[in-house]
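J.: Generate a structure from the sequence data that follows.
(chains A, B, C and D)
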There are 2 protein chains.
Amino acid sequence: MANISDIAKQAGVSKSTVSRVLNGHKHVSKEKRRTILDVMERLEYSPNGNAINLSRGKTNTMGVLVPRVGHPFFHQLIEGIGQVCMERNHTLLVIQTEHDSAKEEASIQYLRDKRIDGLIIGAISQPQLLETMRTVGPVVACEDHQDIVPSLSFNHGKAIIMLLQHVEERGAQTVGLCLGNPDSGVGRVRLEAFDQYLKTSTLRHGIQWYADRCYSFEDGQALAGQLLTIDLPDAIIVGNDEVAAGLIHQFRKDGIRVPEDIAITGFDDVPIARALEITTIRQPVVMLGRLAAEQLLDDALNQSESASSLLEPSLMIRQTT
Amino acid sequence: MANISDIAKQAGVSKSTVSRVLNGHKHVSKEKRRTILDVMERLEYSPNGNAINLSRGKTNTMGVLVPRVGHPFFHQLIEGIGQVCMERNHTLLVIQTEHDSAKEEASIQYLRDKRIDGLIIGAISQPQLLETMRTVGPVVACEDHQDIVPSLSFNHGKAIIMLLQHVEERGAQTVGLCLGNPDSGVGRVRLEAFDQYLKTSTLRHGIQWYADRCYSFEDGQALAGQLLTIDLPDAIIVGNDEVAAGLIHQFRKDGIRVPEDIAITGFDDVPIARALEITTIRQPVVMLGRLAAEQLLDDALNQSESASSLLEPSLMIRQTT
DNA sequence: CTACAGGCTGAAACGCGTCCCAGTGCAACA
DNA sequence: TGTTGCACTGGGACGCGTTTCAGCCTGTAG
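T.: Down below sits the predicted model:
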């Protein structure tokens, strides 16, 4: 395949001039430009991206670190990031850790490595890595790690409180909690808000009504099975709509009425929540992805330190509470 | 930041030797290896990925071309591909076209460009581009384009026939069809199978019962609104569970009974189909992603031409038919 | 008719590893 | 002791653009 020197030779000019044409610099006579363009076309020339990356010291690529692409939160996030990448002529490298901490560490390598210009953290189970990441390149987290790296996230603590207030107003006296990864930033914030709220309220919680590492519809169904063997709480706060849906689905199959016997809330307001009329927290995740990507690009461009912020959640009251 | 020459200089050896250590080649004395490793650590050396890519002429990165990451089919596909990438030490570049044909064309550039070693086509609306892509680098399609590029896909035609047979057996005499992108490979195969089946059957279809470019729950809801203004068919085949869910949800809100008044089928068997007990086609999409990625890697490695194949769908009969 | 400005162009260094080839040195074998 | 062979090492070309700097040329102002 032809390279820039071939083009230069054939066109009777130097590499510099070809490069100028390639990058739309001025100071190239129209005849030479014409000739060079012709030769390029004839030889089906295409510049080597890796050479450009090496030479320029950047790749116009951003990375995103997620545990799993299939999770509704993360694929929405990726969609938003992808939109911005497309608009701003960047590409998107997806690093799926599957909660493997070695992979999380390895992802730092891409940054150090110069294979990506910046990294968006969808979720991370080892926040201590953030410190290192930040020193290596531009990073934006979509969890709340404000003290360490620029973060853009939903106010998960507030969301939990809104849900608890809501179920309490509806008369619940006991409440359960079901989370995803309790070690993630989100998990910890949610747990803390939950504990905090209970201290100032008459709502009661018990360890038998706590579950975590629930990610899917099936996990929700399984949890329903477990809960059925004990006394149900009046309400349960579930960290993910799909899990909530599985729970509701299985409960109803087993003759438990929702919300009469147990109120259930979800998180994210994905289609399944609308289909089952699940009371949930709406979080414009695609937008979060967009904002994070934009912030990352602006940072990288301007070298400016960016502010962190918390996006406000909204409560969607439907039929399961 | 330190580069390989700095390391070589500090360690009192040549770049070659450092490179050997870097790549785990033998024929390096343990003392030198030791010294080099020490220097690397001291200088916090990290090899420049772009230099490696340029030098080796490959990037250990595969691209995946999808219209939208948020679509259930595509995010499952990406998840599977991502798993394989992780296992085999590759990275995954996501190209989200949003059905923009210019973007589809541009994606060829990444391949030609050497920024990716191979490309997986999730869906493409301009199949004529495949011809070019194939000449540029390894490609595997997850739609049926067997005649042009290696393809791995579900037998969508057969799936449509299974659904039509099923609703016919349940007594339907008229049937509607709702697709996503009618120009995609999948869309065309489905449409053709649908038309073909109707020719040999007493099932009737009418243009008023056809819709396309429906992708989301909301699109399904909107479609329900439209259908309500005309006579309903006995059954409708919907190309996507989320759309089917929206349709069912809206119909039920408006007092239309499913399946009594209208039978509805979906596609993909995602959680929402289980939640609403939608009769659908199960397609192990994550597995498809894995297979496609593995095939691509094996191709790229062995330069071998790979076979295409059609994966068998299975019909999940539930409550909406 | 100078002089200076500004447009145009090329040489060469640079970014950074990889890898082939040509040794060097020492040990084992004849 | 001479030969063969293998472990180890370095030199330098190569992959391919980008960019800086110097220099040439032409037009215009003085």
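J.: Neighbours of A:Arg34, how many?
T.: A:Arg34 has 13 neighbours, counted by other Cβ atoms under 10 Å in any protein chain shown. All C-beta atoms are positioned from the backbone trio N, CA, C, and that covers glycine.
J.: Could you do A:Arg56 as well?
T.: Per other Cβ under 10 Å, the neighbour tally for A:Arg56 reads 10.
J.: Got the phi and psi for it?
T.: phi -80, psi -20 (degrees, to the nearest 10).
J.: and the gap between it and A:Asn50?
T.: Distance, A:Arg56 to A:Asn50, using Cβ to Cβ, to the nearest Å: 11 Å.
J.: can you give me the helices in the stretch 101-250 of chain A?
T.: Counting by DSSP state H, counting those that start in this stretch, one finds helices in the stretch 101-250 of chain A at the ranges A:101-112, A:128-136, A:156-169, A:185-199, A:217-227, A:241-253.
J.: In a markdown table: those helices, plus mean pLDDT.
T.: Below are these laid out as a markdown table (pLDDT from 0 to 100):
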| stretch | mean pLDDT |
| --- | --- |
| helix A:101-112 | 91 |
| helix A:128-136 | 91 |
| helix A:156-169 | 96 |
| helix A:185-199 | 94 |
| helix A:217-227 | 96 |
| helix A:241-253 | 96 |
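J.: in chain A, what spans have low per-residue confidence?
T.: Counting by pLDDT under 70, chain A contains low-confidence ranges at A:300-306.
J.: Tell me, domain by domain, which residues of it belong where.
T.: The record assigns chain A these domain ranges, following automatic domain parsing: A:4-47, A:59-154+A:285-311, A:156-282.
J.: Export those as TSV, with columns for distance to chain B.
T.: Listed next are these as TSV, based on distance: least, Cβ to the nearest Cβ, whole Å:
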stretch	distance to chain B
domain A:4-47	4
domain A:59-154+A:285-311	4
domain A:156-282	4
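J.: Out of those domains, flag the one nearest DNA strand C.
T.: domain A:4-47 (3.2 Å; Cβ to the nearest atom of the strand).
J.: Span of that closest one from start to end?
T.: Taking Cα to Cα, to the nearest Å, domain A:4-47 runs 7 Å from one end to the other.
J.: Please compute how far it lies from its chain's middle.
T.: How far domain A:4-47 lies from its chain's middle: 42 Å, per Cα atoms, centre = their mean, to the nearest Å.
J.: And for stretch A:2-17?
T.: Mean C-alpha position of stretch A:2-17 versus that of the full chain (Cα atoms, centre = their mean) differs by 44 Å.
J.: what comes up buried for that stretch?
T.: A:Ile4, A:Ile7, A:Ala8, A:Gln10, A:Ala11, A:Val13, A:Thr17 (16 or more other Cβ atoms under 10 Å in any protein chain shown).
J.: out of those, who's nearest DNA strand D?
T.: The closest of the buried residues of stretch A:2-17 to DNA strand D turns out to be A:Ile4 (Cβ to the nearest atom of the strand; 2.8 Å).
J.: Wait, that closest one touches A:Ser14, no?
T.: No - in this structure, A:Ile4 is not within contact of A:Ser14 by Cβ atoms under 8 Å, at 10.0 Å.
J.: Run a quick neighbour tally on the spatially closest residue to A:Tyr210 that is not a sequence neighbour.
T.: Spatial nearest neighbour of A:Tyr210, excluding adjacent residues (Cβ to Cβ, 6 or more residues apart in numbering or on different chains): A:Leu177 at 5.4 Å. Other residues near A:Leu177 number 23, with proximity taken as other Cβ under 10 Å.
J.: quick one: A:Leu177 and A:Ile207 touch, right?
T.: No - here A:Leu177 does not reach A:Ile207: they are 10.2 Å apart, not a contact under Cβ under 8 Å.
J.: contacting residues around the residue nearest to A:Tyr210?
T.: A:Arg190, A:Leu191, A:Phe194, A:His205, A:Trp209, A:Tyr210, A:Ala211, A:Ile236, A:Ile237 (Cβ atoms under 8 Å, 6 or more residues apart in numbering or on different chains).
J.: Next, the contact list for the closest residue to A:Asp234 other than its chain neighbours, please.
T.: Using Cβ to Cβ, 6+ apart and skipping residues adjacent in sequence, the residue nearest A:Asp234 is A:Ala172, 3.8 Å away. Each residue near A:Ala172 by Cβ under 8 Å, 6+ apart is listed here: A:Leu203, A:Pro233, A:Asp234, A:Ala235, A:Ala263.
J.: Just to check, the last one is in contact with A:Val167?
T.: Pointing back at A:Ala263 there. Yes - taking Cβ under 8 Å as the definition, A:Ala263 is a contact partner of A:Val167 at 5.3 Å.
J.: Between those two, which contacts overlap?
T.: Common neighbours of A:Ala263 and A:Val167 (Cβ under 8 Å, 6+ apart) are A:Asp234, A:Ala235, A:Thr321.
J.: Next, count neighbours for the last one.
T.: This points to A:Thr321. Here the count is done by other Cβ under 10 Å, and A:Thr321 has 21 residues near it.
J.: related to what we said a few turns ago, which strand residues sit across from the residue nearest to A:Tyr210 in the sheet?
T.: Taking DSSP bridges as the rule, A:Leu177 bridges to A:Tyr210, A:Ile237.
J.: Return the residues of the stretch 51-200 of chain A in contact with DNA strand D.
T.: Residues of the stretch 51-200 of chain A found near DNA strand D (Cβ under 7 Å from any atom of the strand) are A:Ala51, A:Ile52, A:Leu54, A:Ser55, A:Arg56.
J.: secondary structure element for the fourth one?
T.: Looking back up the chat, that one is A:Ser55. For A:Ser55, the element it lies in under DSSP states H and E is helix A:49-56.
J.: after that helix comes which helix or strand?
T.: Criterion used, DSSP H and E; the element after helix A:49-56 is strand A:61-66.
J.: Appreciated, that's everything.
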